[in-house]
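[1] one predicted model, sequence on top.
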Amino acid sequence: MTNVITRFAPSPTGVLHIGSVRTALYSWLFARQNGGKFILRIEDTDKERSKREFEDNILDGLAWLGLTNDEFYRQSERGEIYKKHLIKLIADGTAYVSKEEPKEPGDRTEVIRFKNPNGVVTFRDEARGDISFDTTELGDFVIAKDLESPLYHFAVVVDDFEMGVTHIIRGDDGISNTPRQILIQEALGAPRPVYAHLPMILAPDKSKLSKRHGALAVTEYREEGYLPEAILNFVALMGWNPGNDQEIISLDEMIKLFMLEKIQKGGAVFNIDKLKWLNKHYMKVLTTENAEAEILRRFPDDLRAKAENNKNILAKIVLVILDHISTFGEVSALADAGEYGYFFDDPEYSVDALLWKDEKDKFVAEGKLRKVLSLIGDIDDNLFTPETIKTAIWDYATEVGRGSVLWPMRYALSGRDKSPDPFVLASILGKEVTISRIEKATKLLIA
RNA sequence: GGCCUUAUCGUCUAACGGCUAGGACACAGGAUUCUCAUUCCUGUAAUCGGAGUUCGAUUCUCCGUAAGGUCACCA
C-alpha cells in the first residue's frame, strides 16, 4: 500500500483511557506497518469543554507508550482552513446559512447547515463489511455555528481531506457518524478514506467502560506500576489477535502481524486479571536496574534509606520482590505492612511463632537450630548461596523432619509466617547475619 | 422509539461448511522445598433461541431475543 496516512484524533475533554489507547495503537500499527504516517490531531473545536490539562495527559500517555506521531495539529489553530471550505460550500450551494429559532439558551439565530442530498450511503468497513444508511433522516444538519466556528463533523472531514488521511481507524461510536461525513466529503470533492471501526471496550457488566469500572487514565496505570509493554500487549489483544495462540507479543511483532481484517466485531470486556498477568510477565523480563529503580521509588522513606545504604541486599531482593507482585504499586502496600523490613533489620517475634506446628518442644527446636548452625558454619563466606546452604542442611532436615528444621530456621531469619524459603533468605542476608539471627533464636528458645 | 452494529467457556479469543469446538486469564486439584510466591502438570467450563439451506452448520439465510452504538448549535 502506498502513502498510508492514519490519524488519532482525540478531543481534549477527558484523559487518555484504555479504549483510546487501543484506537491509537491500531492506527499507529497500521501506519508503521505500511511505512506511512501517523498523525496526532487534537480536536478542540469545543472551546468550553476542551482543557489543556487533558491534552497534556493525552500527549504524556502516548509518549510513555511510545506511540510516536509524525505530525501534530490542533483544530483550534486551523480556523482559516475550515472557513475557506465553508465559504466554498456555501458558494456551491451545498451548504447554506439558515435562520433558526433558538431552542436553548446560547443557541444562535443563524447557523450553517449542510444541504443533504437525501440518499442512501453505503460504505465498506474493513472490520465489518458493507454498511448502508439512509441519510434522509439526518436532514440538513448543522456543520458550523458560523464561519469561525465549525462543528465536529465538518472539521473532521476537512482535516482528513487536507491531511491526506487514507485510513480512518476509530471507535465503534463513529460508525453512525460516517454517512454524514461521507456526504460532506463528497460535497468537498474529497476522496473517501478506508474505514475500520473498532468494537467498544466494556465494563464487566457489559456496559460502556467508565471511571467507575476502573477506566483509568493510562498515566494512572503508570503510577500504579504497570509497564507500557503490558498495556500495549493487553489492548492489542482486545479485539484483535495475531492469528495464532501467541499471548505475549511485542510492538515489533504487532507491526508485522497486524491486520484490519482480523479485528473483532463484538465488544470486549476489560479484564484486569489478564492485564496483571501480562504485567507480571513484563516485570520479570525487565532489567535489574530498572526493576530496582521502580521498587526503590515505591519504598517508604526509611526503607529506601536503608536499601540505598545496602545496595548489595537490594540487588539480591529484587527477584524475591518481583516474585510476589503483579504491579510495582503493590510494593508500597507490602512495605507498609512490614514485608521487607527483615532484609535490613533483625526481626522481632515470639517464641511460640518460632515453633513449627508439629514440633512444639522448645528444647528440641533449639537443638535443631544448633545443628543448622554447625552445618552451615563450614560453608565458605563467598559460597553462601541457596544451593550450598540447601546442600548442607537438606539431608539432615529430611532425616528429622523438614518442617521441624526449616520452619524455625526461616522464622528466625524473617520473623514472619510467610516469606521466601530459608535458603534464599540466608543467602541474601549473608553468613554473618544468618548465624547471628539463628543464634538469637536459640537463646530465645531456652531462655 | 427510528436507524446501525454485535452475539463461542465467567473473561479475552481460535476453528476453508467437515476430527472429541483449540489456546490464554481466572478458578479447582496435584507436584516441585516448612510457609508465601513462582514454575510445571491435570481438571471444571462455551457455540443465545427457533426455523431453513445442506450428506453435514459455530460458520450461510430468515425470524426472534439480548446487548451496545447513534439520532446536538458536543466530540
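    Sure thing, it's come through. Here the structure is a predicted model, which means the values were calculated and not measured.
[2] use CA for all of it now, contacts and neighbours both
    Fine.
[3] all helices in the stretch 101-250 of chain A, in order from the N-terminus.
    All helices of the stretch 101-250 of chain A, identified by DSSP state H, counting those that start in this stretch, fall at A:152-162, A:178-188, A:218-223, A:228-236.
[4] take those and lay them out in TSV including mean pLDDT, distance to RNA strand B and mean neighbour count.
    Shown next, in TSV, are the helices of the stretch 101-250 of chain A (pLDDT from 0 to 100; distance: least, C-alpha to the nearest atom of the strand, whole Å; neighbours: other C-alpha atoms under 10 Å):
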stretch	mean pLDDT	distance to RNA strand B	mean neighbour count
helix A:152-162	96	4	20
helix A:178-188	95	9	20
helix A:218-223	95	17	19
helix A:228-236	96	8	22
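[5] Serialize those to CSV and add fields for distance to A:G14.
    Shown next, in CSV, are the helices of the stretch 101-250 of chain A (distance: least, C-alpha to C-alpha, whole Å):
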stretch, distance to A:G14
helix A:152-162, 16
helix A:178-188, 23
helix A:218-223, 12
helix A:228-236, 19
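[6] identify whichever of these lies nearest to A:K262.
    helix A:228-236 (11.6 Å; C-alpha to C-alpha).
[7] what packs against that closest one?
    In terms of contacts (3 or more C-alpha pairs under 8 Å, 6 or more residues apart in numbering; DSSP states H and E), helix A:228-236 is packed against helix A:18-33, helix A:52-65, helix A:251-257, helix A:272-284.
[8] so which bits of the longest one are buried?
    Buried residues in helix A:18-33, counting neighbours by 16 or more other C-alpha atoms under 10 Å, are found at A:18-33.
[9] pull the residues that contact it.
    With C-alpha atoms under 8 Å, 6 or more residues apart in numbering as the test, helix A:18-33 has contacts from A:4-8, A:10, A:37-38, A:62, A:67, A:168-171, A:198, A:200-201, A:215-218, A:232, A:235-236, A:254-256, A:258-259.
[10] any idea how far RNA strand B is from A:K145?
    Counting by C-alpha to the nearest atom of the strand, to the nearest Å, the gap from A:K145 to RNA strand B is 5 Å.
[11] and of the buried residues of helix A:18-33, the nearest to A:M163?
    A:A31 (14.1 Å).
[12] please tell me how far the closest one sits from A:E432.
    Note on A:A31: its distance to A:E432, by C-alpha to C-alpha, to the nearest Å, is 59 Å.
[13] quick one: the helices and strands packed on helix A:228-236 as TSV, columns for mean pLDDT and distance to A:R180 too.
    Output for the helices and strands packed on helix A:228-236, formatted as TSV (pLDDT from 0 to 100; distance: least, C-alpha to C-alpha, whole Å):
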stretch	mean pLDDT	distance to A:R180
helix A:18-33	96	21
helix A:52-65	96	27
helix A:251-257	95	32
helix A:272-284	95	37
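[14] out of those helices, which is closest to RNA strand B?
    The minimum distance between RNA strand B and the helices and strands packed on helix A:228-236 falls on helix A:272-284, with 3.4 Å, by C-alpha to the nearest atom of the strand.
[15] tilt between the closest one and helix A:228-236?
    150 degrees (axes from the mean of the first three to the mean of the last three C-alpha atoms, to 10 degrees).
[16] any idea which helix or strand comes after helix A:272-284?
    For helix A:272-284, the following helix or strand on the C-terminal side (DSSP states H and E) is helix A:288-298.
[17] how far does that following helix sit from the chain's center?
    Remark: helix A:288-298 is offset 18 Å from the chain centroid, using C-alpha atoms, centre = their mean, to the nearest Å.
[18] list of residues touching that helix?
    Here helix A:288-298 has contacts from A:G225, A:M283, A:R304, A:A307, A:L314, A:A315, A:V318, A:F328, A:G329, A:V331, A:S332, using C-alpha under 8 Å, 6+ apart.
[19] contacting residues around the fifth one?
    What that stands for is A:L314. A:E292, A:A307, A:E308 are the contacts of A:L314 under C-alpha under 8 Å, 6+ apart.
[20] which one (most neighbours) among these?
    A:E292 (20 neighbours; other C-alpha atoms under 10 Å).
[21] so how far is A:R304 from that one?
    11 Å.
[22] A:D60 now?
    Counting by C-alpha to C-alpha - A:D60 and A:R304 are separated by 27 Å.
[23] include pLDDT and distance to A:W356 when you put the contacts of A:L314 into TSV, please.
    Listed next are the contacts of A:L314 as TSV, based on pLDDT from 0 to 100; distance: C-alpha to C-alpha, whole Å:
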residue	pLDDT	distance to A:W356
A:E292	94	34
A:A307	93	31
A:E308	93	35
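[24] after the helix or strand A:L319 falls within comes which helix or strand?
    Secondary structure from DSSP H and E places A:L319 in helix A:311-323. With elements assigned by DSSP H and E, the helix or strand that comes after helix A:311-323 is helix A:329-336.
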